[in-house]
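Visitor: Generate a structure from the sequence data that follows.
(chains A and B)
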Amino acid sequence: MEQISALMDGELEHDEATRVIPAVIKRSDLREAWATYHLIGEALRGQACGDCGVAQTVSSKLAVEPTVLAPRESRSTNNFGKRWALPSMAAAAAVAAVTWVGLTTQAPQAIHELSTARPAVPVPGFSPEVFVSSGPSAFPQSASWTTIPAPAGTPPPSIQLSWQEFQAYLMAHQEFSPSLSMHGVAPLVRSVSTGAADR
Amino acid sequence: MGDREVDQQLVERAQRGEKAAFELLVAKYQRKLVRLLSRFIRDPTEVEDVAQEAFIKAYRALPSFRGDSAFYTWLYRIGINTAKNYLVAMGRRAPTVSETEGPDGEGSEESGQVPDYNTPENELMSRQIAETVNRAVEELPEELRTAITLRELEGLSYEEIASIMNCPIGTVRSRIFRAREAIAEKLRPQLETRKDRRW
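Guide: Below is the predicted model:
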């Protein structure tokens, strides 16, 4: 009973309250004490406390009501997780998206800087087949390319690409560059400028 | 565990199918809701009918209650809407926004006036209960009377009362409980003599 008195004052520790509440729900004498203590409080405060038959009528109506079953929501004692988890995840996703777009956009430039610093870039284990330039110039027009199958059972070889080969590769694929606002225009631009140079 | 958390626990249990948990909330808030509704509906019988309907609506709507607001705040809105719908259906004026302001502003009740919604029978019983409670308080030993008064009338926490009375919190808890039990002892015969006993 003392615990009910403290419970209705909101003065029970969480663990104790969690133990007491089921008992109050189950035992009619404890429910009666709960109701009487509330009535005493209202009478002391001078609030109207007359013959209120609402609880009794509601109780009989509840008896014929279908039982409410709501999905249980996991709640912690503080709402920090619920309040901050979603915004934090949204912010993290936004940062990740911006980073990804930024890296994708800057990738050709990064490759350029890397290849400038080092004359040749090894690309390990790229393919079981290796494309090797056999000519001194790496430009597609002047280079002839030979396919050499990799020996069975050997680890994948690395690819050595010179700066010129990289330039050629990037030139050939520049129309697919994400930094280019108009995809598919590059070949046309190149052919027009070549024509102008001929004249 | 604070008052709001206790309500939340009861709501969660009711949401899991324990109707008795909801009945504890009804026992706790029935008079408060009746006092609120009596500001808009004059007839005491109609007030009780609307209050009962509001509680049943609240019970049916329990799955949608997520605890974002206090239970009484939520119940308050349901009560106001039920009263509005009732008055409109009866062809009477529904309460305005200013009349339904906030669950804590109980208008005339806050100013110490009891709304005039009681039937003569209710009025009599309300007065009898108040007299019994006040007499029981006067008969309490000094330390019990001080503890229950500071709690119920001043709304102080156990810690604050312990500080004022210069005693441990456990002693405050015990004194408040003993005060309530002493008052309840005097009150029970009065409540039990009623044929259809109501809280």
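Visitor: pLDDT at residue 157, what is it?
Guide: Going with chain A. Looking at residue A:157, its pLDDT reads 57.
Visitor: I was thinking of chain B, sorry if that wasn't clear
Guide: Residue B:157 is assigned a pLDDT of 94 by the prediction.
Visitor: Quick check: the gap between it and chain A.
Guide: Remark: distance between residue B:157 and chain A (C-beta to the nearest C-beta, to the nearest Å) = 7 Å. The C-beta positions use only the backbone N, C-alpha and C, and glycine is treated the same way.
Visitor: So the closest residue to that residue other than its chain neighbours: helix, strand or coil?
Guide: Computed as C-beta to C-beta, 6 or more residues apart in numbering or on different chains, the closest residue to residue B:157 that is not its neighbour in sequence is residue A:11, at 7.1 Å. For residue A:11, the assignment made with DSSP: H, G, I helix; E, B strand; the rest coil gives coil.
Visitor: mind listing what residue A:11 touches?
Guide: Shown in contact with residue A:11 (C-beta atoms under 8 Å, 6 or more residues apart in numbering or on different chains): B:157-158, B:173.
Visitor: just the helices in the chain please.
Guide: As the question left the chain open, I've gone with chain A. A:2-8, A:14-26, A:28-44, A:54-64, A:80-117, A:163-172, A:186-198 (DSSP state H).
Visitor: that answer is for a different chain, and I need it for chain B
Guide: B:3-15, B:19-37, B:44-60, B:71-89, B:120-138, B:142-152, B:158-165, B:169-192.
Visitor: Take these and write them to a markdown table, including mean neighbour count.
Guide: Formatted as a markdown table, these follow (neighbours: other C-beta atoms under 10 Å in any protein chain shown):
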| stretch | mean neighbour count |
| --- | --- |
| helix B:3-15 | 20 |
| helix B:19-37 | 23 |
| helix B:44-60 | 21 |
| helix B:71-89 | 19 |
| helix B:120-138 | 16 |
| helix B:142-152 | 20 |
| helix B:158-165 | 17 |
| helix B:169-192 | 19 |
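Visitor: looking at the ones you listed, which one has the lowest mean pLDDT?
Guide: Ranked on mean pLDDT, the bottom entry among the helices of chain B is helix B:120-138, at a mean of 86.
Visitor: Give the other helices and strands that that helix contacts.
Guide: If contacts are counted by 3 or more C-beta pairs under 8 Å, 6 or more residues apart in numbering or on different chains; DSSP states H and E, helix B:120-138 sits against helix A:28-44, helix B:142-152, helix B:169-192.
Visitor: Show me which residues of the first one are buried.
Guide: With burial defined by 16 or more other C-beta atoms under 10 Å in any protein chain shown, the residues of helix A:28-44 counted as buried are A:30-44.
Visitor: rewinding a little: kindly present the helices of chain B as TSV, with separate columns for distance to residue A:67.
Guide: Below are those laid out as TSV (distance: least, C-beta to C-beta, whole Å):
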stretch	distance to residue A:67
helix B:3-15	9
helix B:19-37	7
helix B:44-60	10
helix B:71-89	19
helix B:120-138	32
helix B:142-152	35
helix B:158-165	36
helix B:169-192	29
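Visitor: Run through the residues that contact the nearest residue to residue A:3 once chain neighbours are set aside.
Guide: Sequence neighbours aside, residue A:20 is the residue nearest to residue A:3 in space, at 4.7 Å (criterion: C-beta to C-beta, 6+ apart). With contacts defined as C-beta under 8 Å, 6+ apart, residue A:20 is in contact with A:3-4, A:7, A:12.
Visitor: likewise residue B:158?
Guide: Neighbours of residue B:158 in contact, by C-beta under 8 Å, 6+ apart: A:6, A:9, A:11, B:151, B:169, B:172-173, B:176.
Visitor: still on that earlier bit, minimum distance to residue B:25: which of the helices and strands packed on helix B:120-138 has it?
Guide: For residue B:25, the closest of the helices and strands packed on helix B:120-138 is helix A:28-44, at 10.3 Å, according to C-beta to C-beta.
Visitor: could you check whether that closest one is close to chain B?
Guide: Yes: using C-beta under 8 Å from any C-beta of the partner chain, helix A:28-44 comes into contact with chain B via A:31, A:33-44.
Visitor: could those go into a markdown table alongside pLDDT?
Guide: Below are these laid out as a markdown table (pLDDT from 0 to 100):
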| residue | pLDDT |
| --- | --- |
| A:31 | 92 |
| A:33 | 92 |
| A:34 | 93 |
| A:35 | 91 |
| A:36 | 92 |
| A:37 | 93 |
| A:38 | 93 |
| A:39 | 91 |
| A:40 | 92 |
| A:41 | 92 |
| A:42 | 90 |
| A:43 | 90 |
| A:44 | 91 |
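Visitor: before we move on, the earlier item: okay, the helices of chain A in JSON lines with distance to residue B:44 next?
Guide: Below are the helices of chain A laid out as JSON lines (distance: least, C-beta to C-beta, whole Å):
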{"stretch": "helix A:2-8", "distance to residue B:44": "27"}
{"stretch": "helix A:14-26", "distance to residue B:44": "30"}
{"stretch": "helix A:28-44", "distance to residue B:44": "17"}
{"stretch": "helix A:54-64", "distance to residue B:44": "11"}
{"stretch": "helix A:80-117", "distance to residue B:44": "42"}
{"stretch": "helix A:163-172", "distance to residue B:44": "88"}
{"stretch": "helix A:186-198", "distance to residue B:44": "86"}
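Visitor: looking at those helices, which one has the lowest mean pLDDT?
Guide: helix A:186-198 (a mean of 54).
Visitor: Contacts only, for residue B:137.
Guide: So residue B:137 contacts A:44, B:145, B:148-149, B:179, B:183 (C-beta under 8 Å, 6+ apart).
Visitor: rerun that using 10 Å as the cut-off
Guide: Residues counted as contacts of residue B:137 (C-beta atoms under 10 Å, 6 or more residues apart in numbering or on different chains) are A:40, A:43-44, B:144-145, B:148-149, B:152-153, B:179, B:182-183, B:186.
Visitor: Many thanks, we can stop here.
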